[in-house]
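>>> Model the following, please.
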Amino acid sequence: MVIGGAGRVGSYLAGTLASRGHAVAVIEKDEKACWELATSVDAIVIQGDACDFRYQEDAEVGRADVFTAVTGDDDDNLVACQLARTSFGVPRLVARVNDPRNEGIFVSMGIDAVSSTTIIARLIEGMASAGGLTTFHMLGGGRLVMVELDIPPQGSRAIGRSVKELELPSGCVLVSISRGEEVIIPHGGDRMQPGDKVLALTTVDEEETLRLALVGSARPARRERRDA
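Below you'll find the predicted structure:
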């Protein structure tokens, strides 16, 4: 993993990845930030500009599985990611986007864009939405979202139905079901129970369809017609 930028985001990311056993290299302009990171994290730290070919070469970006640009400047992050791809062929690029209006540019160039402003806005929107659906993580340049839903105590159409019987959207995958202290990896025969907390991956366009399938009201029973 190579990270461009050793500010708060870059330093935290480097420390987290290194603690999980990844080989990490960081490129940072500021000498003080480099020194602080080098003395606290098991990572290669290079003082230089991540937008400069020679410093990416020093960091052996060509060996990286992922290049991440997380400086406070969107232009620098875009240039650094482009350089990593065109000059070193890095298969996956991730960039911090400080101005959410720039997300579209990054996404159009095949860069996974992460905007804290957009994530916070979607989180607030999700928490305020009806039906207990919370959007808390965006993936795939904002095209996919990880959501959490609470099955209500009563009235949900999902209660008592198995996973395979649910009317889930085609672009949705159930990741886990939390039931008390038990965490279930859902399979087709698992049945939903009141109070279940469901973690799911879905497309942005199908969030509402997923919500209706899991926490929407049960359809009223069909009454037989009686002649007077």
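
>>> the strands in this structure, which residues?
Under the criterion DSSP state E, strands of the chain are mapped to 2-4, 25-28, 44-47, 66-69, 92-96, 112-114, 133-139, 144-150, 173-179, 182-184, 197-203.

>>> Now tell me what touches the last one from outside.
Applying CB atoms under 8 Å, 6 or more residues apart in numbering, the set of residues contacting strand 197-203 from outside is 139, 143-151, 169, 171-179, 192, 210, 214. Bear in mind the C-beta positions are built from the backbone N, C-alpha and C, glycine included.

>>> Leaving out sequence neighbours, find the closest residue to residue 192.
In space, and not counting its chain neighbours, residue 192 is closest to residue 158: 4.4 Å by CB to CB, 6 or more residues apart in numbering.

>>> no no, residue 200
residue 174 (5.1 Å).

>>> Provide a list of residues in contact with that neighbour.
The neighbours of residue 174, taking CB under 8 Å, 6+ apart as the test, are 163, 168, 186, 198-200.

>>> that older thread, among the strands of the chain, where is the model least confident on average?
When the strands of the chain are ranked by mean pLDDT, strand 133-139 comes last with a mean of 57.

>>> How is this protein divided into domains?
Domain segmentation of the chain under automatic domain parsing yields 2-114, 119-215.

>>> how close does residue 72 get to residue 161?
For residue 72, the distance to residue 161 (CB to CB, to the nearest Å) stands at 48 Å.

>>> what does residue 1 give?
Remark: distance between residue 1 and residue 161 (CB to CB) = 42 Å.

>>> more crowded one of the two?
residue 1 (19 against 16; other CB atoms under 10 Å).

>>> Hmm, residue 61 and the more buried one touching each other?
No. Between residue 1 and residue 61 there is no contact under CB atoms under 8 Å: 10.3 Å.

>>> any common contacting residues for these two?
With CB under 8 Å, 6+ apart, residue 1 and residue 61 have common neighbours residue 25.

>>> Where does pLDDT dip in the protein?
Low-confidence segments of the chain (pLDDT under 70): 116-143, 217-228.

>>> Please tell me how far the closest residue to residue 98 other than its chain neighbours sits from residue 155.
In space, and not counting its chain neighbours, residue 98 is closest to residue 74: 5.4 Å by CB to CB, 6+ apart. Look at residue 74 and residue 155: by CB to CB, they are 46 Å apart.

>>> which of those two has more neighbours?
Neighbour count, other CB under 10 Å: between residue 74 and residue 155, residue 74 has more, with 21 against 12.

>>> Have a look at this protein and report its longest helix.
Determined from DSSP state H, the single longest helix within the chain is helix 74-88.
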